[in-house]
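Trainee: Sharing a sequence plus its predicted fold:
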Amino acid sequence: MMQKLRNLFRPWSSTAALQDKTVVITGANRARIIMACRDAERGQEAVKAVIEGSQNTNVVYMKLDLSDTKSIREFAEAVNQGESKLNILINNAGIMAIPYGKTADGFEMQIGVNHLGHFLLTHLLIDLIKRTGVTAYSLHPGVVQTELWRHLNGPQQAVMKLVSPFTKNSVQGAQTSIYCAVEPTLENESGGYYSDCAPASPSNAAQSDESAKKLWEMSCQLLSVSWD
């Protein structure tokens, strides 16, 4: 709590430069940025906005549908063939509280997109990532004002509107992801959990090695993959 209060008065900032680095961001400075998302029209709009806002012209859109393993494999193949390195992978895309549905491969839609899709994507890109060294972080961005809320029912929408003054806009919500990606003091750290640009403690359930092992093994089984 004290760290969160400090961040309100001393927000995190960084002078880190990403020249000559390649970044893949799902759901979407001089890095080569690959914005991977399902909707081509909205993806191109996002690319245009980033170029205009950053003056970085090395930003491209590539189609990626995390609800379809065929699309994930095609995307990963294109990245592996077209890129010599992958410095940063931000698994950012997600859905929430959607009507029940299944992915193209028959998985429940929410776990299929949010977990299994990213699990497979990371597996397929891991050799490229290893060329630049691997560190991994998980994080909570906070309660962010995004389209994730669009499937909430009426009462839920009313509650979110009531608490919205205490939530984050999209720029604020992105800060911890950026922090984990570029903060120099984290270069030799890995496996941590972060919130509000600072180390945090996950739930007790999230700290269970037994549960983590079961989830890992089940994910490999469902996707028919194995990790070295």
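Mentor: Now that the structure is in, tell me what you want to look at. Computed from a prediction, not measured in an experiment: that's the story for all the values here.
Trainee: so where is the chain shaky, pLDDT-wise?
Mentor: 1-12, 17, 27-30 (pLDDT under 70).
Trainee: quick one: the closest residue to Pro141 other than its chain neighbours from Gln110, how far?
Mentor: Computed as CB to CB, 6 or more residues apart in numbering, the closest residue to Pro141 that is not its neighbour in sequence is Gly173, at 4.6 Å. In this view, the C-beta of every residue, glycine as well, is placed from N, C-alpha and C. Gly173 sits 19 Å away from Gln110, going by CB to CB, to the nearest Å.
Trainee: Let me see the ranges of the helices in the chain.
Mentor: With helices called from DSSP state H, the chain shows them at 2-9, 40-54, 69-82, 109-111, 118-130, 154-163, 170-173, 175-182, 209-223.
Trainee: Which residue, other than its chain neighbours, is closest to Val182?
Mentor: Per CB to CB, 6+ apart, closest to Val182 is Ala16, 4.0 Å.
Trainee: burial of that neighbour, as a residue count?
Mentor: Using other CB atoms under 10 Å, Ala16 is surrounded by 13 other residues.
Trainee: doesn't Glu45 make contact with Ile51?
Mentor: No: look at Ile51 against Glu45 with CB atoms under 8 Å: they stay out of range, at 11.0 Å.
Trainee: what about Asp127, neighbour count?
Mentor: 11.
Trainee: Give me the spatial nearest neighbour of it, chain neighbours excluded.
Mentor: Asn80 (7.5 Å).
Trainee: and what of Val59?
Mentor: Ile33 (4.6 Å).
Trainee: quick one, what contacts the one you found?
Mentor: Going by CB atoms under 8 Å, 6 or more residues apart in numbering, Ile33 touches 23, 25, 50, 56, 58-60.
Trainee: which among the residues you listed end up buried?
Mentor: The neighbour count (16 or more other CB atoms under 10 Å) marks 23, 25, 50, 59 as buried among the contacts of Ile33.
Trainee: Wait, the third one touches Asn56, no?
Mentor: Yes: using CB under 8 Å as the test, Val50 is close enough to Asn56 to be in contact (7.1 Å).
Trainee: Identify the residue nearest the geometric centre of the protein.
Mentor: Asn92 (2.0 Å; CA atoms, centre = their mean).
Trainee: on that earlier part again, so what's the residue nearest to Pro141 up against?
Mentor: 141-142, 144-146.
Trainee: Which of these sits closest to Leu66?
Mentor: Thr146 (16.1 Å; CB to CB).
Trainee: Chain neighbours aside, what residue packs nearest to that closest one?
Mentor: Ser170 (6.2 Å).
Trainee: For the one you found, give its distance to Val144.
Mentor: Distance of Ser170 to Val144, computed by CB to CB: 6 Å.
Trainee: Could you check which of these two has the larger neighbour count?
Mentor: Val144 (15 against 11).
Trainee: Which one, of the helices of the chain, ends up nearest to Ser195?
Mentor: helix 175-182 (6.4 Å).
Trainee: now the closest one, how far from the chain's geometric center?
Mentor: Put simply, helix 175-182 sits 11 Å off its chain's centre (CA atoms, centre = their mean, to the nearest Å).
Trainee: which residues are contacting it?
Mentor: 11-12, 14, 16, 18, 23, 88, 90, 92, 137, 139-142, 186, 194-197.
Trainee: Narrow those residues to those that are buried.
Mentor: Neighbour-count burial (16+ other CB under 10 Å) applied to these gives 18, 23, 88, 90, 92, 137, 139, 141, 186, 194-197.
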